[in-house]
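Trainee: sequence? don't have it. structure:
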């Protein structure tokens, strides 16, 4: 139970830090006018990402998907931070960052929930889902508070390594969950 709750807590904390970075960088580069249109584009992109996700989980083992998605997201966010640090940050990267942050949380949450569903029996879910909900809300709160506290001190883009620490913790908690006996096919 603890690994599932910890994973969702860390994932939500990481996401709410990246969400602030995503929005502030976009507003700085493009202004508020284009933000509305970006949300429409994001809705369409998320829809396609969900369809693609469903196709991928039918074909590949969940462990491979988790490793690939977590590794890709960590590499992308570290690259964004490094590019900003080196002051090589064209506006197109802001758009890529915006859409990545919007979509990755849907994919990772889906992967986490499907893994939790495979690991725990329905009678265990009665206690587990309440704990996961509480952990998710805690992650939202902690991520928001960390951003509020640290952003003025270190700068918004320098919160990426902070988010990556929580993101790495999420990966480790998910790896812990994978060690439990899977009740059903890992491809389902």
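Mentor: Cool, got the structure. Since this is a predicted model, take the numbers as computed values, not measurements.
Trainee: excluding chain neighbours, give the residue nearest to the residue most central in space within the chain in space.
Mentor: In the chain, the centroid-proximal residue (C-alpha atoms, centre = their mean) is residue 105; its distance is 3.7 Å. Distance criterion C-beta to C-beta, 6 or more residues apart in numbering; nearest residue to residue 105, sequence neighbours excluded, is residue 15 at 4.8 Å. Heads up, the C-betas are built off the backbone N, CA and C, glycines and all.
Trainee: who's in contact with the one you found?
Mentor: 101, 105, 139, 143, 163 (C-beta atoms under 8 Å, 6 or more residues apart in numbering).
Trainee: next, the buried residues of stretch 83-93.
Mentor: 84, 89, 93 (16 or more other C-beta atoms under 10 Å).
Trainee: so how far is residue 155 from the second one?
Mentor: Shown here: residue 89 relative to residue 155, a distance of 13 Å by C-beta to C-beta, to the nearest Å.
Trainee: what's the answer for the first one, then?
Mentor: From residue 84 across to residue 155, the span is 9 Å (C-beta to C-beta).
Trainee: for residue 68, same thing?
Mentor: 31 Å.
Trainee: in the protein, where is pLDDT below threshold?
Mentor: Across the chain, the ranges flagged by pLDDT under 70 are 1, 180-188.
Trainee: next helix or strand past the longest helix along the chain?
Mentor: Identified as the longest helix of the chain according to DSSP state H is helix 122-154. Where DSSP states H and E defines the elements, the next helix or strand beyond helix 122-154 is helix 160-178.
Trainee: helices and strands around that following helix, which ones?
Mentor: helix 2-30, helix 62-85, helix 91-119, helix 122-154 (3 or more C-beta pairs under 8 Å, 6 or more residues apart in numbering; DSSP states H and E).
Trainee: same thing but 7 Å
Mentor: Applying 3 or more C-beta pairs under 7 Å, 6 or more residues apart in numbering; DSSP states H and E, we find helix 160-178 packed against helix 2-30, helix 62-85, helix 91-119.
Trainee: buried residues in the shortest one?
Mentor: Applying a neighbour-count criterion of 16+ other C-beta under 10 Å, the buried positions in helix 62-85 are 62, 65, 66, 69, 70, 73, 76, 77, 80, 81, 84.
Trainee: ok, stretch 111-118 next?
Mentor: For stretch 111-118, burial by neighbour count (16+ other C-beta under 10 Å) applies to 111, 112, 114, 115, 116, 118.
Trainee: now stretch 141-155
Mentor: Buried, per 16+ other C-beta under 10 Å, within stretch 141-155: 142, 143, 144, 146, 147, 150, 151.
Trainee: make TSV from the residues you listed and add distance to residue 57 to it.
Mentor: Shown next, in TSV, are these (distance: C-beta to C-beta, whole Å):
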residue	distance to residue 57
142	29
143	27
144	31
146	32
147	31
150	35
151	35
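Trainee: list just the nearest of the residues you listed to residue 45.
Mentor: Ranked by distance to residue 45 (C-beta to C-beta), the buried residues of stretch 141-155 are led by residue 143 at 22.6 Å.
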